[in-house]
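1. Coordinates for the following, if possible.
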Amino acid sequence: MFAPNFDFNNVFVNFYYLLTNSIYIILPISIFLLFFSKVSSKISVFLIGLYASYSILIPYLLKISFISDFIKNFHDYSFFIYLIISILFAFVFFQIFKMGFFIGGFLLGGLAGYAIGTFIISSNIEWLESIPFPPSYIPWIIFSILGLIIAIIFAKNFEAILSVLSVLFGAFILSFYTLYLLERYTDIRVGTNSLLEAFPKLSQTEFLSLLIIFIILTSIGFYTIYNSKQKSAKKI
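-> Numbering: from 1, shown residues only. Reported below is the predicted structural model:
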């Protein structure tokens with residue numbers, strides 16, 4: 001049995017249908033992510049995992065024959081099966097994200113440290129001859145030390161970076177809904193109003209409009225973070 005080919009275009013299609021079919025659920029969530037990012041930072045990663053499960057993992061799994069047959073046999077409970085899979089995947093995704101965050105910081109700092117160590121060796125400094133171990137170890141020693149330092153810094157600022165991601169994610173979804181609802185329920189015409197059909201049919205005018213709305217909402221979200229930090233600092 002061979003695994004089916006992954007169709008990346010389906011990701012955008014599934015994402016579009018998820019947004020348009022779940023507007024009463026996702027719209028409030030996007031507002032929450034944007035304006036209450038400090039509280040919703042962890043939730044945002046969980047929701048990304050939830051979305052990834054619905055739009056990527058589950059459609060991919062359904063292309064595998066025995067999984068598809070299993071779902072068909074329990075068609076009346078398919079919603080609960082999808083929900084359980086999505087929640088489990090979201091929890092796993094959060095832990096992988098947190099671990100990957102630490103590993104990414106370690107590798108980033110490590111590569112910088114290795115470059116510094118290589119530069120030190122290439123400088124032919126005299127004191128290198130007196131060290132009790134081969135100079136070739138120096139890049140790896142600095143790799144480990146600097147990598148660990150950067151990883152700790154990343155781990156300590158995990159919440160702050162999650163808040164930024166929460167703002168970006170919320171602003172993106174809310175910018176979509178802003179334009180989508182304007183096109184659907186008003187007489188305003190933005191380009192060809194292709195957003196009502198699908199993402200791939202998006203006109204240039206609509207794309208630029210989405211980008212402008214996204215920038216405005218992102219700025220508001222970051223200002224909210226800054227303002228909340230200022231108020232917290234004054235209380236202290």
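
2. C-alpha from now on. contacts and neighbour counts both.
-> Fine.

3. how close does Ile173 get to Val92?
-> 23 Å (Cα to Cα, to the nearest Å).

4. When those two are compared, which one has more neighbours?
-> Taking neighbours as other Cα atoms under 10 Å, Ile173 and Val92 compare with Ile173 leading, 19 against 14.

5. from the middle of its chain, how far away would stretch 145-156 be?
-> Relative to the mean C-alpha coordinate of its chain, stretch 145-156 is positioned 21 Å out (Cα atoms, centre = their mean, to the nearest Å).

6. Averaged pLDDT, it. What do you get?
-> Mean pLDDT, computed over stretch 145-156, is 88.

7. got a list of contacts for that stretch?
-> If you take Cα atoms under 8 Å, 6 or more residues apart in numbering as the criterion, stretch 145-156 is touched by 101-113.

8. Let me see the backbone angles for Ile161.
-> phi -70, psi -40 (degrees, to the nearest 10).

9. gap between it and Val167?
-> Counting by Cα to Cα, the gap from Ile161 to Val167 is 10 Å.

10. now for the helix ranked longest in the chain, which elements pack on it?
-> The longest helix of the chain (DSSP state H) is helix 78-122. Helix 78-122 is packed against helix 37-52, helix 138-156, with contacts defined by 3 or more Cα pairs under 8 Å, 6 or more residues apart in numbering; DSSP states H and E.

11. Out of these, indicate the one that is most buried.
-> Mean neighbour count, computed with mean count of other Cα atoms under 10 Å, is highest for helix 37-52 among the helices and strands packed on helix 78-122, reaching a mean of 21.

12. quick check: mean pLDDT across that one?
-> Average pLDDT, helix 37-52: 71.

13. Spatially nearest residue to Phe172, not counting backbone neighbours?
-> Phe214 (5.8 Å; Cα to Cα, 6 or more residues apart in numbering).

14. The one you found: what's it in contact with?
-> Contacts of Phe214 (Cα under 8 Å, 6+ apart): Ala171, Phe172, Leu174, Ser175.

15. So which of these belong to helices?
-> Using DSSP H, the contacts of Phe214 in helices are Ala171, Phe172, Leu174, Ser175.

16. And these, which is closest to Phe222?
-> Proximity of these to Phe222 (Cα to Cα) peaks at Ala171, which lies at 10.4 Å.
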